[in-house]
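Q: take this sequence and fold it.
(one chain, ligands or ions: 1)
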Amino acid sequence: MMKHMPGNKTFYITTSIPYVNAAPHVGFAFELLLADVLARHHRLSGSEVFFLTGTDEHGKKIQEAAEKAGKSPQDYVDGVAKQFQELAVALGVSNDDFIRTSDRARHIPVAVKVWQELKSKGDIYKEKYEGLYCVGCEAFLREVEIENGKCRIHQKEVQKV
Ligand SMILES: [Zn+2]
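A: Residues are numbered from 1 along each chain as shown. Have a look, this model is predicted:
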């Protein structure tokens with residue numbers, strides 16, 4: 001836990017948290033290294049640094065990958081998340097923590113608290129929405145992002161959701 005004292009410089013950095021629908025690729029290794037360079041630079045400059053990385057273990061993309069592998073989503077993400085943790089160790093990255101969005105003790109209670117606060121303020125509400133969705137992007141797409149019924153990035157059919 002970081003102390004926040006007047007005059008003490010603090011620096012917080014996190015990588016994105018990649019989806020664990022597949023083994024880590026070189027793009028994420030590069031991101032880990034860039035974040036590590038910044039964390040080390042700030043430590044050497046006298047700042048108190050907290051460097052976080054982790055994995056996003058929810059989403060349709062992961063559900064589909066688990067089904068394809070014949071595993072439950074939790075079994076599937078446990079195996080792939082381990083590869084991401086091992087990547088950080090193999091690269092000698094100086095992260096202070098590794099958070100997984102399926103962590104029932106540390107992540108889920110905070111996510112639930114934030115959700116409830118937003119809901120109590122009316123920022124989250126139930127409503128109907130329909131759009132064209134790309135599982136690869138894990139996002140609803142705009143017309144300009146679709147060509148011949150396919151996501152321009154993934155070249156896969158979008159789904160009406
Ligand atoms: Zn896409």
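
Q: what about the closest residue to Asp75 other than its chain neighbours, which helix or strand?
A: Once flanking residues are discounted, Asp75 sits nearest to Ala66: 7.5 Å by CB to CB, 6 or more residues apart in numbering. In this view, the C-beta of every residue, glycine as well, is placed from N, C-alpha and C. Element membership for Ala66, per DSSP states H and E: helix 60-69.

Q: isn't His154 up against Cys134?
A: Yes: contact between His154 and Cys134 holds when scored by CB atoms under 8 Å: they sit 5.9 Å apart.

Q: okay, the two: which has more neighbours?
A: Neighbour count, other CB atoms under 10 Å: between His154 and Cys134, Cys134 has more, with 22 against 13.

Q: contacting residues around the more buried one?
A: Residues in contact with Cys134 (CB atoms under 8 Å, 6 or more residues apart in numbering) are Leu141, Glu145, Cys151, Ile153, His154, Lys156, Val158, Gln159.

Q: which of the residues you listed are close to the ion?
A: Here is what survives when these are matched to the ion using CB under 5 Å from the ion: Cys151, Ile153, His154.

Q: quick one: the last one from Ile99, how far?
A: By that I understand His154. 27 Å (CB to CB, to the nearest Å).
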